[in-house]
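Visitor: When you get a sec, could you give me coordinates for this:
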Amino acid sequence: MSITLVLANACLLLGGVTMLIGALGLLRFPDFYSRTHSATMTDTAGAGFMLLGLMLLAGWQLITLKLVVILLFLLTTSPTAGHALAQAAMVDELKPLGLIEKDS
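Guide: You can find the predicted model right below:
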């Protein structure tokens, strides 16, 4: 078995585990802000690892360039969408759960 195949399978497995942990975070975290953080962080990391694994499996082909474009799009849009959701919640005055100290 080649080293590329081992790395590709490791990336795919790591991406799947990351997505599973993110799904558990959506179920376990108490408020909107922590759930949004969990979803955007694990979506970006999990899908990034999966796309990297697919790139390693594809080799140097046109599909690899397409996967790189998808990865760049995902790395741009997922954090931006999470930030926009959090900003909209702040404008709507949604308070996070837990203790938050006010600035003096």
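
Visitor: Other residues contacting stretch 4-23?
Guide: Under the criterion C-beta atoms under 8 Å, 6 or more residues apart in numbering, residues 38-39, 41-43, 45-54, 56-57, 59 lie in contact with stretch 4-23. Quick note: C-beta positions are derived from backbone N, CA and C, even for glycine.

Visitor: Mind checking which of those residues land in helices?
Guide: Here DSSP state H is the test, and these give 38-39, 41-43, 45-54, 56-57 as lying in helices.

Visitor: In PyMOL, how would I select just the buried ones from the contacts of stretch 4-23?
Guide: Entered in PyMOL, the line below selects the buried ones among the contacts of stretch 4-23, by 16 or more other C-beta atoms under 10 Å:
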select buried, resi 38+39+41+42+43+45+46+47+48+49+50+51+52+53+54+56+57
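
Visitor: so what's residue 87 up against?
Guide: Residue 87 touches nothing, counting by C-beta under 8 Å, 6+ apart.
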